[in-house]
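Visitor: Quick one: sequence and predicted model below, then my questions.
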Amino acid sequence: MKKVTNRRSSLKRIGLGVAAFFGAGTVSVLAKEKKAVKEVVGDVVNDQDVPLFSGSVRHGNTLYVAGKGAHFDGDIKAHTDHVLKEVEKELVKNGTSMDKVLKVNVYLADLADYHKMNEVYRGRFGKNPPVRTTVATYGGVPGNSLVEIDCIAALD
C-alpha cells in the first residue's frame, strides 16, 4: 500500500510543478475545456436557487432529455400526446428530431394504460422507432401525470 501512496504523492507533486511552470491560468483553462464536454442546454428547475435537474444535456453527439409529464386533467391519450409534443419541442430546440431518438423510457402511472398509450405513441418516432423500456411506477408519476417520457437522441 505504501508504494501506491508514494506514487500518488509523486504524481500530485508533478502536477503542482507543471501548474507552477505553466501558471495557474493554464490549469484553469484546461479545467474549463474538460467541463465543456457536458453542456446543460435545457431549462434548469430550481428549488431555492439550487439546481434540481437539467431539462436536457448535450454530451458529445448525444442529447439527453429529462422526463416530460402532463400536469393537467385528462386521459392517458391526451397525456401521451402532450408529453410527446413536449419531447419533440426539446429535441427540435436542440437541433435534432424524433427520428434521431435512440432510446426512450416510458413511465406509466398505471400499466392498464399501456395499450392506449401505444395507440398515441406508435409512429411518432419515424419508420425506425428507437429502443424503448416501459414500466409502471409504484405510487404514480410525479405531478399526477399519467405518463412520463425521457429519451436519448443523436445530434448531427
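Guide: Received the coordinates, thanks. Residues are numbered from 1 along each chain as shown.

Visitor: only C-alpha atoms for contact and neighbour calcs from this point on.
Guide: OK.

Visitor: Can you list the buried residues in stretch 81-95?
Guide: Buried residues in stretch 81-95, counted by 16 or more other CA atoms under 10 Å: 81, 82, 83, 84, 86, 87, 88, 90, 91, 94.

Visitor: for these, which one is nearest residue 52?
Guide: Comparing the buried residues of stretch 81-95 against residue 52 with CA to CA picks out residue 90 as the nearest, at 18.1 Å.

Visitor: Show the pLDDT at the closest one.
Guide: pLDDT for residue 90: 96.

Visitor: list the helices and strands the one helix or strand it maps to packs on?
Guide: Using DSSP states H and E, residue 90 maps to helix 76-93. Applying 3 or more CA pairs under 8 Å, 6 or more residues apart in numbering; DSSP states H and E, we find helix 76-93 packed against strand 62-69, helix 114-121, strand 147-154.

Visitor: Redo the ones you listed as TSV? Include mean neighbour count.
Guide: Formatted as TSV, those follow (neighbours: other CA atoms under 10 Å):
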stretch	mean neighbour count
strand 62-69	22
helix 114-121	15
strand 147-154	23
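
Visitor: Looking at these, which is nearest to residue 102?
Guide: The closest of the helices and strands packed on helix 76-93 to residue 102 is strand 147-154. By CA to CA, the value is 5.2 Å.

Visitor: tell me the angle that closest one makes with helix 76-93.
Guide: The directions of strand 147-154 and helix 76-93 differ by 30 degrees, with axes from the mean of the first three to the mean of the last three CA atoms, to 10 degrees as the criterion.

Visitor: so what strands line up beside strand 147-154?
Guide: In the sheet, strand 147-154 lines up against strand 62-69 (antiparallel), strand 101-108 (antiparallel) (DSSP bridges).

Visitor: quick one: which of the ones you listed is nearest residue 143?
Guide: Proximity to residue 143 (CA to CA) singles out strand 62-69 among the strands paired with strand 147-154, at 7.6 Å.

Visitor: Please save the CA atoms from the closest one in CSV.
Guide: Taking Å, rounded to 0.1, in the frame of the first residue of the first chain, the C-alpha atoms of strand 62-69 are listed here in CSV:
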residue,chain,number,x,y,z
THR,A,62,-25.8,12.9,-27.9
LEU,A,63,-28.7,14.8,-26.3
TYR,A,64,-30.2,13.5,-23.1
VAL,A,65,-33.8,14.8,-22.5
ALA,A,66,-35.2,14.7,-19.0
GLY,A,67,-38.6,13.2,-18.4
LYS,A,68,-41.6,15.2,-19.6
GLY,A,69,-45.0,14.9,-17.9
